[in-house]
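In: With the input below, show me the fold.
(one chain, ligands or ions: 1)
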Amino acid sequence: MGKKIMGIREKNTKENTSPDRTYKRPSWVKALVATEEELCPDCFKVVGTKSRYSLVCALGKKKGGMTVSELTDHLKLRQPTVTHHLNILRSVDAVESEDRGRERVYRLNRGAHCFEECKIPY
Ligand SMILES: [Zn+2]
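Out: Residues are numbered from 1 along each chain as shown. Next up is the predicted model:
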């Protein structure tokens, strides 16, 4: 019997409730609270990729901030990658930078996001 299965597929796209309110916590973001599964869009923009998450963690540990070359060394990422993600982080106000002599120092902007609330570990 040539039973044709085409066209009609189950539509389980019932995700219209709040498409950009919360995002699933990426696996590399360790949840400190077991019940907390989602991140707000703000924090998701910040840690939505593994590279940015590592940047945030690295910067979170260094209160005095880090330069691009320190971050490049520390994270074993290429400098254009680090710069790219730092720019994104800066565009959402997650990091602030300061020119110190010839170097630019980046620091986590703790006050600007609900990092604490969203339990993003540093
Ligand atoms: Zn948040």
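In: Return the distance of stretch 27-47 from the chain's centre.
Out: Mean-position distance between stretch 27-47 and its chain equals 9 Å (CA atoms, centre = their mean, to the nearest Å).
In: To clarify, my last question referred to stretch 94-110.
Out: Worked out by CA atoms, centre = their mean, stretch 94-110 lies 18 Å from the chain centre.
In: Need the residues that contact that stretch.
Out: Stretch 94-110 is contacted from outside by 45-46, 55-56, 59-60, 63-69, 71, 86, 89-90, 93, 112-113, 115-116, 122, using CB atoms under 8 Å, 6 or more residues apart in numbering. The C-beta positions use only the backbone N, C-alpha and C, and glycine is treated the same way.
In: Go ahead and report the secondary structure state at E96.
Out: State at E96, reduced to three classes by DSSP: H, G, I helix; E, B strand; the rest coil: strand.
In: Derive a ChimeraX selection command for the buried subset of the contacts of stretch 94-110.
Out: Buried residues among the contacts of stretch 94-110 (16 or more other CB atoms under 10 Å), as a ChimeraX selection:
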select :45,46,55,56,59,65,66,68,71,86,89,113,115
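In: ok, now which ones touch the closest residue to T49 other than its chain neighbours?
Out: Nearest residue to T49 in three dimensions, chain neighbours excluded: H85, at 7.2 Å (CB to CB, 6 or more residues apart in numbering). Residues in contact with H85 (CB under 8 Å, 6+ apart) are 49, 51-52, 55.
In: element containing H85?
Out: Counting by DSSP states H and E, the element that carries H85 is helix 79-91.
In: quick one, phi/psi of the residue nearest the centre of the chain?
Out: In the chain, the centroid-proximal residue (CA atoms, centre = their mean) is V47; its distance is 1.0 Å. For V47, the backbone dihedrals (degrees, to the nearest 10) come out as phi -120, psi 20.
In: gap between it and R102?
Out: Separation of V47 from R102 (CB to CB, to the nearest Å): 30 Å.
In: Then G64?
Out: Going from G64 to R102 by CB to CB gives 17 Å.
In: S69 too?
Out: In terms of CB to CB, S69 sits 11 Å off from R102.
In: Give me the common contacts of those two.
Out: By CB under 8 Å, 6+ apart, S69 and R102 have no common neighbours.
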